[in-house]
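A.B. asks: Provide a 3D model corresponding to the input given below.
(chains A, B, C and D)
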Amino acid sequence: MRLVYFAWVRERIGKSEEEVVLPEGIATVADLAGWLRTRGEEYAHAFENPAVVRAAVDRHHVKPDAPIAGAREIAFFPPMTGG
Amino acid sequence: MRLVYFAWVRERIGKSEEEVVLPEGIATVADLAGWLRTRGEEYAHAFENPAVVRAAVDRHHVKPDAPIAGAREIAFFPPMTGG
Amino acid sequence: MPTIRIQREDFDAATEAAALTRGQTEVGAVVTFTGLCRAEAGRLAALELEHYPGMAEEEVARVVAEAEARWPLEGVTVIHRYGRIAPGEQIVLVVTASTHRQAAFEAASFLMDYLKTRAPFWKKEHHADGSAGEWVAAKDADDEALARWQPSAPRAAE
Amino acid sequence: MPTIRIQREDFDAATEAAALTRGQTEVGAVVTFTGLCRAEAGRLAALELEHYPGMAEEEVARVVAEAEARWPLEGVTVIHRYGRIAPGEQIVLVVTASTHRQAAFEAASFLMDYLKTRAPFWKKEHHADGSAGEWVAAKDADDEALARWQPSAPRAAE
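C.D. replies: Residues are numbered from 1 along each chain as shown, chains lettered A, B, ... in the order given. Next up is the predicted model:
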């Protein structure tokens, strides 16, 4: 599964994308964020306040309880500030 | 006193402006419109439904009960359709 | 200083919008409204716009002053044409500039609603089939649009 | 077909608006919104706009489709830039064309509110004094602006 990061989530993690193999039991976006937090200080920093990190599954905005089974690309990023 | 007419009020009266000397007792825009109605068929036609004719005194929109004392130019016209 | 022009000639919306922001670095939002003459499925050959010279300029200036009192605007331009206008041609231009987008949107929308019902202009239709055209009737929808901006009591005048 | 472009290059609002009405004689109203980078009293040297390539185009297309479902539009254009943008430069363009002015105004305002909060773009400031810039925080005001368009229940996603 491909993960992509943007803005300060990308800066904190220190990379813009990576391929990961998920352990058993990771079913939702919130599960995935929780697992990422355990992968090191940089991830813990990026997800220190999970409520403010938004996610997209295959380029669609989703809520934390969205399932990730079958997803090809999951993105994490701060609230958007375009326009 | 100078009177000016626009759009179908102008067309019905058959002129775009005129100078008039008012008789005694014409105090408001409604009085003036009522007096004009008595001046001939063309005026009666223009003011046949006084409620739809709008007025301006010295280039400011006014209601029928507006006083006309001291006015230099009074305009009568249909509801505006600009923009 | 707002730019207000009542003219027979056409205008260039881009030039007017550019003039409003030239040299400015605090304008965050520019809204441009252009009103055009519609053919109405080929029924219309042209519109003839009559106006009240003198009052038209003054009334538009009063409407613009109301918008400036109500929203924080960095600039306003209003141009309204008169005379014969063919389908596809431009009739009216409103440009508003502000630091914030909602002020620019609301002021432009307000200006158009007020121009529609308060600026002394009247439209007469020329039919494509040569038959006698009529004066365009004022729309209830335009009065209703105006009412949006008056959350309290109805206006005394008008 | 709406025109949607996510690009580094600047755009010309007049050209885009003209393209939307060319050959049309039933468009009565064109609203153009241009969003510009503000200097914020000289504090800002530039904005750096990051975006999510691919999703940005798709999400803007979804927002445009919502606007087209909601208002009778004759045309829509949305252009959003990314990369480094200096004060006074243009960031975003929305153009809406309709037979009626309120549809054009509301659709343009709706599109901007949605782009602000749903299009995957992020702004980072570069300070004029050379100090480290920060990511611009999302504004509560933008979420409130969005809520205007949801008179019924809150949206499921977002």
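A.B. asks: dump the residue contacts of the nearest residue to A:Arg59 once chain neighbours are set aside.
C.D. replies: In this structure, A:Arg59 finds its nearest non-sequential neighbour in D:Met55, 3.9 Å apart by CB to CB, 6 or more residues apart in numbering or on different chains. To be clear about C-beta, it is placed using only N, CA and C from the backbone, and glycine gets the same treatment. Counting by CB atoms under 8 Å, 6 or more residues apart in numbering or on different chains, D:Met55 makes contact with A:Ala56, A:Arg59, A:Ala75, D:Pro120.
A.B. asks: any idea how far D:Met55 is from chain B?
C.D. replies: 40 Å (CB to the nearest CB, to the nearest Å).
A.B. asks: please report the distance of that residue from A:Tyr43.
C.D. replies: According to CB to CB, to the nearest Å, D:Met55 and A:Tyr43 sit 22 Å apart.
A.B. asks: before we move on, what about A:Val9?
C.D. replies: 10 Å.
A.B. asks: got it, and C:Tyr114?
C.D. replies: Separation of C:Tyr114 from A:Tyr43 (CB to CB): 56 Å.
A.B. asks: pull the longest helix from the chain.
C.D. replies: Answering for chain A, as no chain was given. Using DSSP state H, we find that the single longest helix of chain A is helix A:29-37.
A.B. asks: sorry, I should have been clearer: chain C.
C.D. replies: Chain C, longest helix under DSSP H: helix C:101-118.
A.B. asks: pull the contacting residues for C:Glu59.
C.D. replies: C:Glu59 neighbours (CB under 8 Å, 6+ apart): B:Arg59, B:His61, C:Arg118, C:Ala119, C:Pro120.
A.B. asks: any idea what sits nearest the closest residue to chain B within chain A, other than its immediate chain neighbours?
C.D. replies: Chain A approaches chain B most closely through A:Gly83 (28.2 Å), counting by CB to the nearest CB. Take A:Gly83 and drop its neighbours on the chain: the residue closest to it by CB to CB, 6+ apart is D:Lys116, 3.7 Å away.
A.B. asks: count of neighbours near the one you found?
C.D. replies: D:Lys116 has 23 neighbours, counted by other CB atoms under 10 Å in any protein chain shown.
A.B. asks: same deal with A:Gly14?
C.D. replies: Look at A:Gly14: counted by other CB under 10 Å, it has 12 neighbours.
A.B. asks: now it. Nearest residue, chain neighbours left out?
C.D. replies: A:Glu42 (5.3 Å).
A.B. asks: look up how far B:Asp58 lies from the one you found.
C.D. replies: A:Glu42 sits 74 Å away from B:Asp58, taking CB to CB as the criterion.
A.B. asks: what helices or strands is the lowest-mean-pLDDT helix or strand in chain C leaning on?
C.D. replies: Scoring the helices and strands of chain C by mean pLDDT, DSSP states H and E places helix C:140-147 at the bottom, with a mean of 82. Where contact means 3 or more CB pairs under 8 Å, 6 or more residues apart in numbering or on different chains; DSSP states H and E, helix C:140-147 is packed against helix C:101-118.
A.B. asks: list the helices and strands the helix it packs on packs on?
C.D. replies: Against helix C:101-118 (3+ CB pairs under 8 Å, 6+ apart) you get strand C:29-36, helix C:55-70, strand C:73-81, strand C:90-98, helix C:140-147, strand D:29-36, helix D:101-118.
A.B. asks: save those as TSV, and put in distance to D:Arg148 too.
C.D. replies: As requested, those are exported to TSV (distance: least, CB to CB, whole Å):
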stretch	distance to D:Arg148
strand C:29-36	17
helix C:55-70	18
strand C:73-81	21
strand C:90-98	18
helix C:140-147	17
strand D:29-36	16
helix D:101-118	7
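A.B. asks: which one of those has the lowest average pLDDT?
C.D. replies: Looking at the helices and strands packed on helix C:101-118, the lowest mean pLDDT belongs to helix C:140-147 (a mean of 82).
A.B. asks: what's the angle between that one and helix C:101-118?
C.D. replies: Per axes from the mean of the first three to the mean of the last three CA atoms, to 10 degrees, the angle that helix C:140-147 makes with helix C:101-118 is 130 degrees.
A.B. asks: for helix C:140-147, buried residues please.
C.D. replies: Across helix C:140-147, burial judged by 16 or more other CB atoms under 10 Å in any protein chain shown covers C:Asp142, C:Ala145, C:Leu146.
A.B. asks: can you list contacts of it?
C.D. replies: C:Asp113, C:Tyr114, C:Lys116, C:Thr117, D:Gln102.
A.B. asks: the third one contacts B:Gly83, correct?
C.D. replies: Meaning C:Lys116. Yes. At 3.7 Å, C:Lys116 counts as touching B:Gly83 under the criterion of CB atoms under 8 Å.
A.B. asks: burial count for the residue in chain A positioned nearest to chain D?
C.D. replies: At 2.9 Å from chain D, A:Gly82 is the closest residue in chain A, using CB to the nearest CB. Neighbour count for A:Gly82, taken as other CB under 10 Å: 28.
A.B. asks: tell me which residues touch it, please.
C.D. replies: By CB under 8 Å, 6+ apart, A:Gly82 lies in contact with D:Leu49, D:His51, D:His80, D:Val92, D:Leu115, D:Lys116, D:Ala119, D:Pro120, D:Phe121, D:Trp122, D:Lys123.
A.B. asks: got it, and C:Asp113?
C.D. replies: Here C:Asp113 is in contact with C:Asp142, C:Ala145, C:Leu146, C:Arg148, C:Trp149 (CB under 8 Å, 6+ apart).
A.B. asks: how distant is the longest helix of chain A from the center of its chain?
C.D. replies: What separates the centre of helix A:29-37 from the centre of its chain is 7 Å, taken as CA atoms, centre = their mean, to the nearest Å.
A.B. asks: how near is C:Leu93 to chain B?
C.D. replies: Taking CB to the nearest CB, one finds C:Leu93 at 11 Å from chain B.
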